[in-house]
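A.B. asks: What would the 3D arrangement of this be:
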Amino acid sequence: MIRDFALADIITLGNGVAGFGSVLLCMEYLVESDPLSITCAMILLPVAAAFDFLDGRVARWRQKNSALGAQLDSLADLISFGVAPAVLGYALGLRGGWDAIALIYFVSCGLSRLARYNVTAASMADSAGKVRYFEGMPIPTSVGLVVIWMILFHYDRTGSSVPFGEMQCGPYAVHPLSLIYALSGSAMISKTLKIPKP
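C.D. replies: Numbering: from 1, shown residues only. So this is what the prediction gives:
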């Protein structure tokens, strides 16, 4: 199978590898509390975004768009911009029961968003085969959540010091900050939000 990969597919694999590397580093941070681990985990996600930007450009430059490449791109995006930012949020302090629900909702929205794009891309394409807009917020925009965590980590506002604190809501604790994940996920699955595609 590797022999069938185009250059763009290899770049897409770089996206997925960076995302999963971030997940592993978050787990290492939970065990070791090593600031370098979580710093590298955060840095790897913009790196994944750079790979995600580059693979489409390379595919168009080499005129080698394939069904395999499209599926590979979606799977890599789910890891790097769905699972990894959620794991990062958990590692940096969103560990209440309602936080977990918000993180699961976020990943579920990202998964649904990618599946919907794969199914509808052909019907949304113009005569040249180019999709002119995204329906719902593209999942790579979750890198914005990572930037927020970078800032909070820099100012030591993670763990028990996350902004807005922690509240008890019924049987579970919640950090209001976890709402940014719920909002991001909701924007991904919106049918009314149309974002022009570059």
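
A.B. asks: For stretch 22-42, measure first residue to last.
C.D. replies: This stretch, stretch 22-42, spans 7 Å end to end (C-alpha to C-alpha, to the nearest Å).

A.B. asks: One more: stretch 89-99?
C.D. replies: 9 Å.

A.B. asks: Pull out the buried positions in it.
C.D. replies: Of the residues in stretch 89-99, 89-96, 98-99 count as buried by neighbour count, 16 or more other C-beta atoms under 10 Å. Heads up, the C-betas are built off the backbone N, CA and C, glycines and all.

A.B. asks: for the record, mean pLDDT for that stretch?
C.D. replies: The average pLDDT within stretch 89-99 is 98.

A.B. asks: Can you give the distance of it from its chain's centre?
C.D. replies: 16 Å (C-alpha atoms, centre = their mean, to the nearest Å).

A.B. asks: Same question for stretch 141-152.
C.D. replies: Using C-alpha atoms, centre = their mean, the offset of stretch 141-152 from its chain centre is 11 Å.

A.B. asks: ditto for stretch 72-89
C.D. replies: 4 Å.

A.B. asks: Going by neighbour count, list what's buried in it.
C.D. replies: By 16+ other C-beta under 10 Å, the buried positions in stretch 72-89 come out as 72-74, 76-89.

A.B. asks: and the one helix or strand residue 25 maps to, which residues are buried?
C.D. replies: Assigned by DSSP states H and E, residue 25 falls within helix 7-32. Using 16+ other C-beta under 10 Å as the test for burial, helix 7-32 gives 8-9, 11-23, 25-26, 28-29.

A.B. asks: How about stretch 31-46?
C.D. replies: Buried residues in stretch 31-46, counted by 16+ other C-beta under 10 Å: 37-38, 40-45.

A.B. asks: Appreciated, that's everything.
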